[in-house]
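Peer 1: Based on what follows, work out the 3D shape:
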Amino acid sequence: MRKISSDKKGSLSLNLPKADFPIVAIGASAGGLEAVSELLKNLPPDTGMAFLYVQHLSPDHKSMLSSLLAKTTSMKVQEATNKELMLPNNVYVIPPDKEMNIMDGMIKITPRPETPKVNFPIDILFASLAETHNENVIGVILSGSATDGTRGMKAIKREGGLTFAQDDTAKFSSMPKSAIAAGVVDFVLSPQKIAQEISQLSTHSFINPNNDYKGAHSPKLDGETEIDNANLDLKTILHLLHKTQGVDFSQYKMTTIKRRILRRMLLHKIKSLNEYVTLLKEKNDEVNILYQDLLINVTAFFRDTETHQYLKTTLLPRLLKSKKPDEPLRIWVAACATGEEAYSIAITLLEIQSSKFTNIPIQIFATDLDAKAIAKARTGEYSTSELEEVSPKRLQRFYTQTPNGFRVAKSVRDMCVFAQHNVLADPPFARVDFISCCNLLIYLDTAAQKKTIAIFHYALNENGVLMLGKAETVGQSTQLFSPFNKNYKIYTRRNHAGVRPIPGLTSRLAKQTPLEINYNFNERKSQRGNLAANASLDKAIDTVLLSRFIPASVIINEQLDILQFRGTTDLYISPSTGKASLNILKMTRPEIAFELRSAISKAIKSKQSVRKSGIEIKMNEVIRCISVEVVPLKVEWDEPVLLILFTEQQTETIFDSSKDSKSSSVKDRRIKKLEEELAAARADLLILIQEQEAFSQELQTANEEVVSSNEELQAINEELETSKEEIESANEELTTTNQELQTRNELLNESYEYSEALAATIHESMIVLDKNLRVKTANKSFYKAFAVRPEETEGVFLYELGNRQWDIPKLRQQLEEILSKDTHFHDFEVEHEFETIGLKVMLLNAGHITQKAHHEQLILLSILDITEIKKLQQQLQQKEITEEKVKSMHLEATVRKRTKDLIQSNSALEKMNKELEAFTYLSSHDLQEPLRKIQTFTQRILEKENPNLSDIGKDYFYRIQNAAARMRTLIQDLLTFSRISTAEREFELTDLNTIIAEVKYEFKDFIEEKHATIEVGELCELTIIPFQFVQLFQNLISNALKFSAPGIPPHVIIKSEMIKAAHSPLAQKNACHLTIIDNGIGFEQHFSEQIFQVFQKLHGKDEYEGTGIGLAIVKKIVENHSGLITASSELGKGAKFDIYIPV
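Peer 2: Numbers count the residues shown, from 1 in each chain. Presented below is the predicted three-dimensional model:
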């Protein structure tokens, strides 16, 4: 998988912003639209989570996903855009032909790469979210083909997030089943139940950081304080893990441990540690699951491209050059997880050796604490998605294809030895040249980190090299290692550091940790009675005796690989030179190997213990006599295992006499021993020959069949694999497209039925003509009005209908020009005497329409019967002729009188305007000037005479100041009101968004003081008086902030929409409809008209400030623009103002 969050040097971005709300990432493919619609439909709109949806889409057509999903939920559904900041309660949908991931806390949209490789957009999103948002992520896999999403779900679970997969309700189950089979799914449910679980999880403190838990703090329980490291229940859990799994997690960072424990509690819906301890004690499976959750396996092939390139070009060639011929290069990959890192290094070395250093043997020891991960590493099998970073050239050379993916080639596998190993507890490998340990130290506490670094120092040869992860350093152990390359976190061993003994390691029969000793001490202290104390003492003694006197032994599997060591085995076992191997026969002394092979073979066949005695080995000129016993173990294990016990027989010590002694007794004894060995060898050889012959016959028969069919199968398999990928890709796109088409068809059917219903209700007669002016169809009104039937009309030329009433040259000309010139005509009048319905006068209207589906050019002809109207017109004309003479006699007198009245009214209005201007001047100057003096003098008295004034006197002066201030505000409001009535009206085309931005900036301090939010939609562009609309919004927003409910931050919504004349309240004019909504105290609806009157206040001056003029000013401004304003409210539930301005 491609890196999502890396800097230029390949290091992970560790300081990215992290959302303080959960993020739900949903992935789907074929059949996913129905599943995600069901999921969203059952989710509440206020979970406080953000939802990201990725579906495999066809890159060739526009996606309708956003519009389709918007119908299923009241949350906002939108197509994601680049650099968009995620918000809770929003759904973001991937655009077609794009990839979506998270970078710097924002959505990043990039084009889908044009490569032949299979695209994994779900994995890319899931992995980037896991890296940036850790346990704040919930992953959901719904219906789909192939395996996309499995690696992403693994990343989410690794970082502590939760995972869901759709159950058998999925139409295409490949994607959910792939994730389930990988063991990375917490819940397998239907989409409806997934929605219910997510809804419940949204209220949990572990999932929702806004509920007491922030990611950087120590984890908490519902209703409790942070989990302390000394918590007795926490110690009990760590003790259970150490007791059952043999791993002391007290040396790991407690924050990570506690988060994993809380995650398991969340899955079981448990809210206290004590309850979870009870569950662990009752169910061993839960202990194993928790243990696996704590083992964090982070790895990939060639995980850091630049680092591996440096290894290939610089570091590994340097190490190979330092080796003598036939001297092995020994490498230890600690915390190797599922083996990708070890195999990557092996492949790199093989590429280097292809041209040079061919005589240098290579031994790679790869270890990990996780037995399951080691088991997978040993198989060497990986899925296609896990090999995404491997180039096609390497894939062809170093891997072989299998039905489930690929297996590493034998040449690579033979270089690596995998073993379960605890770095902190088990003996380390020795004489190692290079150690790779990436991303282990970050999970250990400081003491364990220091101990691990010391272990690595012991394991390395002089000038040995240590490579750590990008986020790791040697810390305080600079006396042991010096930096070699800081960019790639590579260090070299200091050769004279004075530290060589193995740092304190516990035995494989793990000793108690200080934490457990303290725990057991407290536990014993709370118990009463000597019986419990004696039992504890016996147990301690047994543990010491067992660890001191255990015989030398090893555990092997049926492939003869050593799995575990017990006791001191140096006398019998030592690593062989050459290629690294844990094979028991290669590691035992040659004198033992022969007898041991025979004993193992017999024990496997008979399933009984086999003992070989009297085996002589020579050490330091002394011959020792030993015995070997092979015991098949009957235990629950992944594979059959055998225990091999080595014991030294208590006989008289025999010194080697090959140089000094010539006695015949010694020679006789040796001859007898050799004869016994020879006889046993012959018996074993006979058995082997017989078995070999049987196997040879079976293999010969099978080989003939395999060879004959292998070539055909290989060719067919390659074709099928290619076809399968193409078919799956096409099928996914077809399924998604089909779902969209079905939805479109449903919409089209609804539209067709709607249009048919409209046509049926239209009283006008309508005919549809083809390009040759033949009738294609007509509506019911036509057939009814002209008393004809469809079979008499459809397919007939328009001119041949009836008695050729439509055969009018001018009409024919205009109809023919409609298609040729793309024109139309209106109100073409036709008068005709019909045989069946009599005289009719009709108005004809025609236009051009196109039927896109069939690319057919059509004409729509509407016929309006105006016969009755014509008759009425004639009657009215006769009546008007008589009335016209009467009206004309009074018209002149009326006009003269009205002209005189208008002249008088204009004079009165001019006089009133002058008086109003005088009042305005008086308000702005004569009235305000005394107020200024009152305010100035009272302020000076309060400042200078304050000590001389009594408390009552001070109170009177403050009242004077407040009254003067209110009076000043009232005068200014009156002045504003009068100016609005008399000011010159200079209209300009203005963007209301600009005005709102100006007002918001002016009220910035007031908004912050009130902790208010003002939500503004995309507003209209109108021809208005700009400064008046500034005053309008100032008054409305000021009122919303001023009349807010106590303790509730004000929230104001301002939006607009264009409405057609048919729906406009402004006398059939198009209008811009402005809506201003707040969440304030509101008012009773019967005051909705009164509030727009001057000096009308619904509250006392002590409750809320104001003059009662603001809304009167607002209404006056609206009327100046020929508009309309209304108010609606309910007491305690905010207010809504609707403004209509003509366009």
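
Peer 1: Give the bridge partners for Ile767, please.
Peer 2: Counting by DSSP bridges, Ile767 is bridged to Ala778, Leu861.

Peer 1: so what's the backbone phi/psi at Gln449?
Peer 2: Note on Gln449: its backbone torsions stand at phi -60, psi -50 [degrees, to the nearest 10].

Peer 1: pretty sure it contacts Leu480?
Peer 2: No - counting by Cβ atoms under 8 Å, Gln449 sits too far from Leu480 to count as a contact (12.0 Å). For every residue, glycine as well, the C-beta is placed using N, CA and C.

Peer 1: Now do the phi/psi pair for Asn134.
Peer 2: With angles defined as degrees, to the nearest 10, Asn134 sits at phi 50, psi -130.

Peer 1: what's the distance between it and Val185?
Peer 2: Using Cβ to Cβ, to the nearest Å, Asn134 is found at 19 Å from Val185.

Peer 1: again, but for Pro22
Peer 2: Distance of Pro22 to Val185, computed by Cβ to Cβ: 18 Å.

Peer 1: Of the two, give the one with the bigger neighbour count.
Peer 2: For Pro22 and Val185, the more surrounded residue by other Cβ atoms under 10 Å is Pro22, and the numbers stand at 27 against 24.

Peer 1: residues contacting the residue nearest to that one when sequence neighbours are not counted?
Peer 2: In space, Pro22 comes closest to Met49 once its chain neighbours are excluded; the distance is 4.5 Å by Cβ to Cβ, 6 or more residues apart in numbering. Applying Cβ atoms under 8 Å, 6 or more residues apart in numbering to Met49 gives the contacts Phe21, Pro22, Ile23, Val24, Pro88, Asn89, Ile138, Ile198, Ser202, Asn208.

Peer 1: Next one, pLDDT for Met49 please.
Peer 2: Listed pLDDT for Met49 reads 92.

Peer 1: Can you list phi and psi of it for me?
Peer 2: With angles defined as degrees, to the nearest 10, Met49 sits at phi -110, psi 150.

Peer 1: Next one: it from Asp1078, what distance?
Peer 2: Met49 is 28 Å from Asp1078, where distance means Cβ to Cβ.

Peer 1: In the stretch 651-800 of the chain, what residue spans correspond to helices?
Peer 2: 664-761, 780-786, 790-793 (DSSP state H, counting those that start in this stretch).

Peer 1: Not counting its neighbours along the chain, what's nearest Ala681?
Peer 2: That would be Phe594: by Cβ to Cβ, 6+ apart, it lies 7.2 Å from Ala681.

Peer 1: Which pLDDT value goes with the one you found?
Peer 2: pLDDT for Phe594: 81.

Peer 1: which secondary structure elements does the helix or strand containing it contact?
Peer 2: Element membership of Phe594 [criterion: DSSP states H and E] is helix 590-606. With contacts taken as 3 or more Cβ pairs under 8 Å, 6 or more residues apart in numbering; DSSP states H and E, helix 590-606 sits against helix 584-587, strand 610-619, strand 622-633, strand 641-648, helix 664-761.

Peer 1: domains for this protein, by residue range?
Peer 2: Domain assignment of the chain by automatic domain parsing yields the ranges 1-217, 305-493, 552-656, 762-858, 870-958, 985-1142.

Peer 1: lowest-confidence stretch among those?
Peer 2: Among these, domain 870-958 carries the lowest mean pLDDT (a mean of 68).

Peer 1: Please report how far Thr577 lies from Arg330.
Peer 2: 11 Å.

Peer 1: which one of these two has more residues nearby?
Peer 2: For Thr577 versus Arg330, the count of surrounding residues by other Cβ under 10 Å is larger for Arg330: 25 against 9.

Peer 1: Let's verify that one: helix, strand, or coil?
Peer 2: The local conformation at Arg330, judged by DSSP: H, G, I helix; E, B strand; the rest coil, is strand.

Peer 1: same deal with Ala366?
Peer 2: Here Ala366 is recorded as strand under three-state DSSP.

Peer 1: what's the answer for Ile995, then?
Peer 2: Here Ile995 is recorded as helix under three-state DSSP.

Peer 1: One more: the one 4 residues further on?
Peer 2: Reduced to three states with three-state DSSP, the structure at Val999 is helix.

Peer 1: Tell me who's in contact with it.
Peer 2: In this structure, Val999 makes contact with Val1030, Phe1033, Gln1034, Ile1037, judged by Cβ under 8 Å, 6+ apart.

Peer 1: among those residues, who's most crowded?
Peer 2: Highest neighbour count within those, by other Cβ under 10 Å: Ile1037, with 24 neighbours.

Peer 1: Surely it and Lys1004 touch.
Peer 2: No - at 11.6 Å, Ile1037 and Lys1004 do not qualify as touching, with contact defined as Cβ under 8 Å.

Peer 1: neighbouring contacts of the helix or strand harbouring Lys258?
Peer 2: Assigned by DSSP H and E, Lys258 belongs to helix 254-267. Residues outside helix 254-267 that contact it (Cβ under 8 Å, 6+ apart) are 135, 160, 162, 186-187, 201, 204, 206-207, 218-219, 221, 227, 229, 234, 237-238, 249, 271, 273, 275-276, 286, 289-290, 293-294, 296, 443, 445.

Peer 1: hmm, 7 Å instead?
Peer 2: The contact list for helix 254-267 (Cβ atoms under 7 Å, 6 or more residues apart in numbering) reads 135, 160, 186, 204, 206, 218-219, 227, 229, 237, 249, 276, 290, 293-294, 443.

Peer 1: likewise stretch 166-177?
Peer 2: If you take Cβ under 7 Å, 6+ apart as the criterion, stretch 166-177 is touched by 29-31, 35, 141-149, 165, 188-191.

Peer 1: buried ones in that stretch?
Peer 2: Buried residues in stretch 166-177, counted by 16 or more other Cβ atoms under 10 Å: Gln166, Asp167, Thr169, Ala170, Phe172, Ser173, Ser174, Met175, Pro176, Lys177.

Peer 1: So which of these are in helices?
Peer 2: Counted as lying in helices by DSSP state H, out of those, are Ser174, Met175, Pro176, Lys177.

Peer 1: next SSE after the helix or strand where Ala377 lies?
Peer 2: Element membership for Ala377 (DSSP H and E) is helix 371-379. The element immediately downstream of helix 371-379 (helix or strand, assigned by DSSP H and E) is strand 381-382.

Peer 1: May I have the strands that pair with that following strand, each with its orientation?
Peer 2: In the sheet, strand 381-382 lines up against strand 405-408 (antiparallel) (DSSP bridges).

Peer 1: which other helices and strands contact the helix or strand where Ser1056 lies?
Peer 2: If you go by DSSP H and E, Ser1056 is part of strand 1051-1059. Applying 3 or more Cβ pairs under 7 Å, 6 or more residues apart in numbering; DSSP states H and E, one finds that strand 1051-1059 contacts strand 1013-1016, strand 1071-1078.

Peer 1: Alpha carbons of the first one, in PDB - could you do that?
Peer 2: Going back to what we said before, that points to strand 1013-1016. Output in PDB follows, covering the C-alpha atoms of strand 1013-1016 (Å, rounded to 0.1, in the frame of the first residue of the first chain):
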ATOM      1  CA  THR A1013     -22.400  32.000  16.000                       C
ATOM      2  CA  ILE A1014     -23.800  33.600  12.800                       C
ATOM      3  CA  GLU A1015     -24.400  31.100  10.000                       C
ATOM      4  CA  VAL A1016     -24.600  32.800   6.600                       C
END
